[in-house]
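S.K.: task: produce atomic coordinates for the following.
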Amino acid sequence: EVSEIFEGLGRTEQFKRKVTKQFDQFLIKGKKVLKNQPEVKESLESLENAFDELQTLFQITDFQGTAPIPINDFEDLLNRSQSSVQGIYDYYITEEHKVQKEKNDYQYYHKHGFELRNIREFQHELSTLKNLIHSSAFKLANNPFLLLDGEAGIGKSHLIGDIVSRRINKDHESVLLLGQHFVTEEDPWTQIFKRLQINSKSADFLRKLNKRAEESGKRMVLFIDAINEGKGNSFWNEFVKSFINEIKKYEWLGLVLT
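M.R.: Numbers count the residues shown, from 1 in each chain. All right, here's what the predicted structure looks like:
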């Protein structure tokens, strides 16, 4: 399951498809709740307006680019939907309890079972969509910097190798470096350029990667596996903040450290 967060970090087509599918399910179930009922007219209108605003917001959001995904705006509209549908639910359940009491039969819904089921199904899709928006994948879509931590031998390196391979197969480029290849106490960039056998400065290197990613329309991710291996414990504490901040200047780049 953890592999899914890399789709958000990379703002990939699969990330967009997952969000679109969940959003469609949310609207499909939500439309079923919009049954004309004069007693809850205000709540119904509020819910319908929230749907309209959510659709507009979804259509103008670029899930694969670099512009920030407006998570707070989505959350506000989902909270409004939740509040509106709760008012509708409260009305139907109150009416249903009246009928149950009248019939002295509390085992079944006698009048509004269909409406209550539709609301519960919608509330499930609403909850699922909210969980997705609060997920690490969404956070990484806006802030593509990840530290993956775990005990030795649990499969982090295999995971990273698999992710990079998948990205290659989908034409998403990556730079993969292994901590064991950092063998001196020199700063990371000096060692990286020696390893890659290129003569460059970090700013020029990152600018070229960023341009390449922008031209492809796909975020490029730098992966450094096992920063605590090799001589990593000797220099990363000193350089890691500046290393991250330098990459943050380039909107089409992301970074994963393990």
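S.K.: pLDDT weak spots in the stretch 51-200 of the chain?
M.R.: When residues are selected by pLDDT under 70, those of the stretch 51-200 of the chain lie in 106, 108, 110.
S.K.: again, only using 90
M.R.: Screening the stretch 51-200 of the chain residue by residue with the criterion pLDDT under 90, one finds the ranges 95-113, 150-155, 185.
S.K.: so Glu48 is in contact with Asn36, correct?
M.R.: No. Using CB atoms under 8 Å, Glu48 makes no contact with Asn36, being 11.0 Å away. Every residue, glycine included, has its C-beta placed from N, CA and C.
S.K.: settle it for me: which of the two has more neighbours?
M.R.: Neighbour count, other CB atoms under 10 Å: between Glu48 and Asn36, Glu48 has more, with 16 against 7.
S.K.: which residues does the strand or helix carrying Ala213 contact?
M.R.: In this structure, Ala213 sits in helix 202-216 according to DSSP states H and E. Taking CB atoms under 8 Å, 6 or more residues apart in numbering as the criterion, the residues outside helix 202-216 that touch it are 171, 173, 175, 189, 193, 198, 219-220, 222, 246-247, 249-253.
S.K.: rerun that using 10 Å as the cut-off
M.R.: Residues external to helix 202-216 that are found in contact with it (CB atoms under 10 Å, 6 or more residues apart in numbering): 65-66, 171-173, 175, 187-190, 192-193, 196, 198, 200-201, 218-222, 242-243, 246-247, 249-254.
S.K.: now, those that are in strands?
M.R.: 175, 220-222, 253-254 (DSSP state E).
S.K.: in whichever strand or helix holds Gln25, what's buried?
M.R.: Take DSSP H and E as the rule and Gln25 turns out to sit in helix 13-33. Within helix 13-33, the residues that qualify as buried by neighbour count (16 or more other CB atoms under 10 Å) are 15-16, 18-19, 23, 25-27, 29-30, 33.
S.K.: with that, I have no additional questions.
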